[in-house]
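[1] take a look and give me a structure for this.
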Amino acid sequence: MDLFKALATGDGYEREAARVRLTAGGRAAVRPLLDELLNVNSPVKTWEMERLLVKWIPEHAYDEVLTALAAAPDEESRRRLSRVFSSFGRVDRYIEALGHPAASVRQSAAYGIQSACSVDFGREPNPDVDYGVLIDTLIPLLTDPDPDVAQRVTWVLTMLGPGALEPLRRVREQGPGRLRAPALSVLAALGGEEALSAADRAAVDRLIRIKLLDDRARSLDVCFTSWIAVPGGDQEGIAALLGLYEARPATFELGLEVGAHDSHDGAEYGRVYVTPEVDGWTLVLGPWCSPTDEERAEEVLRVVTELSSRYGRAHAYYFGEQGGGSGWLVAENGTVVRRCRGTWSDKDAAYGLGEPLPEERAAFEESGEEEWADFAPYLAPELAAALAVSPFDLGPDTAVRGAGFVALTPYAREHGRPSTGAYAI
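    Just a heads-up that it's a prediction; the model follows:
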């Protein structure tokens with residue numbers, strides 16, 4: 001007990017002396033350290049026990065940590081033990097642990113492999129690991145009976161680099177059958193559509209067309225949502241005016257997935273989802289459509305004005321759900337009626353065009369807010385619902401005519417095709 005007190009409150013010399021004495025006993029020190037690690041009231045920092053177990057006596061601690069993890073009685077204990085277990089960096093032992101009967105051990109072993117072997121973000125492959133053996137061991141766990149293990153293995157396989165592509169393709173071609181579907185998802189996540197065989201691409205296209213037969217509208221809320229709204233259902237004319245190309249059929253679910261992918265981790269301007277006609281309007285969804293994005297604002301102003309010349313009206317909106325602000329642009333008969341940005345930024349005023357809409361004034365007065373700057377960042381969805389159709393309000397009762405599609409934008413011609421991934425259909 002005095003040693004743990006020294007670890008918690010002693011000076012640098014006392015803490016170092018306590019570490020030496022605690023670990024001098026080798027295996028005999030593991031159990032007291034684990035007990036202290038699992039004591040939620042311990043004054044010792046958890047990282048202190050973790051470091052002693054993983055860095056000072058790993059040869060004695062690994063097996064006992066594994067056993068304790070398998071028998072952990074509650075989630076907090078599992079969390080603490082898992083963090084230690086996945087920190088040992090023993091990939092050879094983790095491969096063995098992937099076959100352990102306890103799901104908590106299998107999941108933690110997979111996470112340990114991820115930490116030690118990922119090549120994401122430019123990391124070099126681990127020179128001490130046979131990636132071929134590792135991948136062949138992981139693939140069968142894509143259908144692990146515990147969904148958390150299967151999900152972790154899915155993530156790990158997407159982080160091991162192109163060496164996983166060929167083994168996954170073999171599964172698609174040769175089976176076993178239970179692994180074919182998850183192997184397809186991992187292939188798409190790892191290498192995009194380009195990683196799929198021609199047969200798989202054709203199968204995906206057939207599945208989309210089948211699902212479109214009874215596709216139902218759903219909310220298109222992607223946290224950072226940008227869209228253009230045009231009255232009517234002239235998808236072909238809208239796409240031509242916008243310069244969209246390589247249109248491919250897409251369900252609402254697929255459109256949502258693509259929108260979410262393209263709106264996170266940096267805006268992707270190379271692709272949009274075009275809805276079928278929904279309650280009398282066609283929506284074009286994607287960061288490329290933002291009326292107040294610093295890179296896109298002037299181009300969107302131009303195309304929305306042109307759309308309004310052809311269709312009488314056209315709008316563009318942006319809404320950042322997590323405090324990202326709002327933007328809206330309304331044009332009629334080739335003339336900009338209003339553009340506004342509300343993001344709490346000093347630059348917002350530079351985007352202002354026209355006078356506030358009656359709907360803006362009414363909503364502000366009804367809200368009881370004292371400052372427009374505190375109200376405007378939340379207004380885009382409400383204005384869209386009042387003036388056209390809000391993508392957030394789409395649902396099973398929405399009147400739908402036709403089918404949606406995903407298409408590339410002119411931006412993709414100049415800057416390259418967007419990356420693809422594994423999307424729900």
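
[2] what does stretch 398-411 rub up against?
    212, 215-217, 233, 235, 239, 242-252, 254-255, 258, 269-280, 286, 288, 417-418 (Cβ atoms under 8 Å, 6 or more residues apart in numbering). C-beta here means a position set from N, CA and C on the backbone, and glycine is covered the same way.

[3] please repeat the previous calculation with a cut-off of 7 Å.
    Outside stretch 398-411, the residues that touch it by Cβ atoms under 7 Å, 6 or more residues apart in numbering are 212, 215, 217, 233, 235, 239, 243-250, 252, 254-255, 258, 269-279, 288, 417.

[4] list buried residues within those.
    Those of the contacts of stretch 398-411 that meet the buried threshold are 212, 215, 217, 233, 235, 239, 244, 247, 250, 252, 254-255, 258, 269-278, 288, by 16 or more other Cβ atoms under 10 Å.

[5] can you flag which of the residues you listed belong to strands?
    Per DSSP state E, strands hold the following members of these: Ala247, Ala250, Arg271, Val272, Tyr273, Val274, Glu277, Val278.

[6] got TSV for those residues, with distance to Glu369 too?
    Converted to TSV, those look like this (distance: Cβ to Cβ, whole Å):
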residue	distance to Glu369
Ala247	42
Ala250	38
Arg271	36
Val272	33
Tyr273	33
Val274	35
Glu277	35
Val278	30
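
[7] just flag the most distant two among these.
    Arg271 and Glu277 (20.7 Å; Cβ to Cβ).

[8] packing partners for the least confident helix or strand in the chain by mean pLDDT?
    Lowest on mean pLDDT, DSSP states H and E among the helices and strands of the chain sits helix 372-375, with a mean of 82. The helices and strands touching helix 372-375, judged by 3 or more Cβ pairs under 7 Å, 6 or more residues apart in numbering; DSSP states H and E, are helix 358-367.

[9] now with 6 Å?
    The contact analysis (3 or more Cβ pairs under 6 Å, 6 or more residues apart in numbering; DSSP states H and E) places helix 372-375 against no helix or strand.

[10] measure how far the helix or strand following that helix is from the centre of its chain, please.
    Next in sequence after helix 372-375, counting helices and strands by DSSP states H and E, comes helix 380-387. Relative to its chain's centre, helix 380-387 lies at 27 Å (Cα atoms, centre = their mean, to the nearest Å).

[11] likewise for stretch 29-47?
    The mean C-alpha position of stretch 29-47 is separated from the chain mean by 35 Å, Cα atoms, centre = their mean.

[12] which residues touch it?
    Identification of contacts with stretch 29-47 by Cβ atoms under 6 Å, 6 or more residues apart in numbering yields 4, 7-8, 22-23, 49, 52-53, 60-61, 64, 68, 77, 80.

[13] ok, these vs Phe319, which is closest?
    Arg80 (40.0 Å).

[14] I'd assumed the closest one was in a strand, is it?
    No - read with DSSP: H, G, I helix; E, B strand; the rest coil, Arg80 is helix and lies in no strand.

[15] so where's the protein uncertain?
    1 (pLDDT under 70).

[16] ok so, going back, just the buried ones from the contacts of stretch 29-47, in ChimeraX syntax?
    Entered in ChimeraX, the line below selects the buried ones among the contacts of stretch 29-47, by 16+ other Cβ under 10 Å:
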select :4,7,22,23,49,52,53,60,61,64,68,77,80
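
[17] quick one: Ile210 and Ala70, what's the gap?
    Counting by Cβ to Cβ, to the nearest Å, the separation of Ile210 from Ala70 is 44 Å.

[18] what do you get for Gly323?
    For Gly323, the distance to Ala70 - Cβ to Cβ - is 43 Å.

[19] do the same with Val91
    19 Å.

[20] then Arg51?
    Relative to Ala70, and taking Cβ to Cβ, Arg51 is found at 23 Å.

[21] if we can go back for a sec, save the contacts of stretch 29-47 as a markdown table, and put in secondary structure and distance to Gly192 too.
    Output for the contacts of stretch 29-47, formatted as a markdown table (DSSP: H, G, I helix; E, B strand; the rest coil; distance: Cβ to Cβ, whole Å):
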| residue | secondary structure | distance to Gly192 |
| --- | --- | --- |
| Phe4 | helix | 51 |
| Leu7 | helix | 49 |
| Ala8 | helix | 50 |
| Leu22 | helix | 50 |
| Thr23 | helix | 48 |
| Met49 | helix | 43 |
| Leu52 | helix | 44 |
| Leu53 | helix | 40 |
| His60 | helix | 45 |
| Ala61 | helix | 41 |
| Glu64 | helix | 43 |
| Ala68 | helix | 41 |
| Ser77 | helix | 40 |
| Arg80 | helix | 38 |
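
[22] out of the contacts of stretch 29-47, flag the one nearest to Asp293.
    Nearest member of the contacts of stretch 29-47 to Asp293, counting by Cβ to Cβ, is Arg80, at 43.7 Å.

[23] residue contacts, the closest one?
    Arg80 sits in contact with Leu37, where contact means Cβ under 6 Å, 6+ apart.

[24] and what of Gly163?
    Tyr131.

[25] can we see that at 10 Å?
    The contact partners of Gly163, taken as Cβ atoms under 10 Å, 6 or more residues apart in numbering, are Val119, Pro125, Tyr131, Gly132, Leu134, Ile135.

[26] quick one: which helix or strand includes Asp205?
    Using DSSP H and E, Asp205 falls within helix 198-212.

[27] quick one: name whatever helix or strand follows that helix.
    Using DSSP H and E, the helix or strand that directly follows helix 198-212 along the chain is strand 224-231.

[28] tell me what angle that following strand forms with helix 380-387.
    Angle, strand 224-231 to helix 380-387, by axes from the mean of the first three to the mean of the last three Cα atoms, to 10 degrees: 10 degrees.

[29] partner strands of strand 224-231, with direction?
    Strand pairing for strand 224-231, using DSSP bridges, gives strand 281-285 (antiparallel), strand 313-320 (antiparallel).
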